[in-house]
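1. The following comprises the amino acid sequence and a computationally predicted model.
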Amino acid sequence: MRRVYLDHAATTPVRPEVFEAMVPYLTERFGNPSSIHSFGREARMELDKARERVAALIGAEPQEIVFTGGGSEADNHAIRGAALAAFGKKNHIITSAVEHHAVLDTALSLRSLGFEVTVVPVDQYGMVNPDDVRAAITPNTFLITIMHSNNEVGTLQPIKEIAAIAREAGVLMHTDAVQSVGHVPVDVRDLGVDMLSMAAHKLYGPKGVGALYIRKGIRIAPLITGGAQERKRRAGTENTAGIVGMGVAAELAMTELHQEAAREAALRDRLVNGLMTHIPHVKLNGHPTMRLPNNANVSFLYVEGEALLLNLDMAGIAASSGSACTSGSLEPSHVLLAMGIPHEVAHGSVRMTLGRGTTVEDVDYVVSVLPGIVQKLRMMSPIYDRAGECAIKDLCANPEGCHRAGAGSGVQSGPYSCK
Ligand SMILES: *Cc1c(COP(=O)(O)O)cnc(C)c1O
């Protein structure tokens, strides 16, 4: 059976070139980069090279890169580090309703320590309005953390505008760019951000390694203490092989980024158009144009997302509902809900994220298989009204006008209609 991996937002495979570059640092070049002998020095040299490569990908200086244990750690480092540095002076953080949980939960957890957190809303496309951020700033605000692109719906945020607002107000600006780096151009100087998070495994590098860009001159507290590694910003013997892998992945991404983004965007359009043509009651979530090239988040009305995923999996297609972290729970995605998408529609949403290995044949296979699965599930669905056009609120001109004959009588058997 054909196997199609459309979950590149959850993780990507390690590229062969990356793997090959890593192997020596797990075998003969195993030295500790902090050791002064030749074993240590050869590891240190390669670490420095990786730092240059990662810095180059985002337009930073090598000394502005701190390697971490992944994207979540980079987010935690930025937020907790900034909070600890501001402790006793300022206590207000601004973030958005659609952040990855590594940002949202971390910021909210600081409330128990007396910090205040403002969560700015998003529009129907999942986009933050910079004016909302500006309006939320108080004299106590020390940090704004808004993601560069959303991991569930792919919407790109107006980070440059928000960073300009932050700078004007003298507030630190952090952005979680885990989904963007290596996929769309990201330049920290152009964006004007103070801190930016990355993860190797989202750009064909290994899992468990990431980086936080910290602009020169910015002082935040370390998250992990106990050693002088990473210029005392992240203690602990470096994950040399992982970091080397991240460096090579960054270098490869840099040379191929534009071409690959265009290729994936064309395949994404082919996928979305194919599904829209063959399946009624389908809606693309996220911003129509300001979005990642590889993300298609689609709501299939009257269908339960988890059932759809299981059926897709049986057909060899790997997709996801929302983020990998929330799937498995029955709560619909906080991102879709923040966009004002009704619960029942959010429940029928599936995220398909393309990658370097995705082919036209893969996309056409999905377009050939998905309509049948959706049709089968809809036929079994108690809320699918085969005859009418209105079965779910947002199909009615008047959103409150959707009702079902017999509703409230205990037997909901009649068709839906709009009032
Ligand atoms: C994957 C992801 C993270 C977490 O990165 P890990 O390396 O898995 O810890 C954080 N933010 C976003 C937007 C992500 O997509």
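-> Nice, I can see it.

2. List the single closest residue to residue 339 in space, sequence neighbours excluded.
-> Nearest residue to residue 339, sequence neighbours excluded (C-beta to C-beta, 6 or more residues apart in numbering): residue 126, at 5.0 Å. In short, each C-beta sits where N, CA and C put it, glycine included.

3. same question, residue 261
-> The spatial neighbour of residue 261 that comes closest, neighbours along the chain excluded (C-beta to C-beta, 6+ apart), is residue 293 at 4.4 Å.

4. Look at the most centrally placed residue in the chain and report its pLDDT.
-> For the chain, residue 151 is the residue whose C-alpha lies nearest the centre (C-alpha atoms, centre = their mean; 2.4 Å). What the model reports as pLDDT for residue 151 is 98.

5. which ones are touching it?
-> 9, 100, 178, 179, 323 (C-beta atoms under 8 Å, 6 or more residues apart in numbering).

6. Most neighbours among the residues you listed, which one?
-> Most neighbours among these, by other C-beta atoms under 10 Å: residue 178, with 30 neighbours.

7. neighbours around the closest residue to that residue other than its chain neighbours, how many?
-> Take residue 178 and drop its neighbours on the chain: the residue closest to it by C-beta to C-beta, 6+ apart is residue 71, 4.1 Å away. Using other C-beta under 10 Å, residue 71 has 28 other residues around it.

8. wouldn't residue 71 be in contact with residue 199 here?
-> Yes: between residue 71 and residue 199 there is a contact under C-beta atoms under 8 Å: 3.2 Å.

9. which neighbours do the two share?
-> 178, 210.

10. Show me the helices in the stretch 301-419 of the chain, by range?
-> 305-314, 334-338, 343-347, 360-380 (DSSP state H, counting those that start in this stretch).

11. before we move on, the earlier item: who touches the residue nearest to residue 261 in this structure?
-> So residue 293 contacts 183, 184, 261, 262, 264, 265, 268 (C-beta under 8 Å, 6+ apart).

12. out of those, which are buried?
-> 183, 184, 261, 264, 265, 268 (16 or more other C-beta atoms under 10 Å).

13. who touches the last one in this structure?
-> Yep, that's residue 268 we're talking about. Counting by C-beta under 8 Å, 6+ apart, residue 268 makes contact with 293, 294, 295, 296, 354.

14. Nearest to the ligand among those?
-> Distances from the ligand to these, taken as C-beta to the nearest ligand atom, are shortest for residue 295 (10.8 Å).

15. Run a quick neighbour tally on the closest one.
-> 27.

16. go on, residue 112?
-> Count around residue 112 with other C-beta under 10 Å applied: 7.
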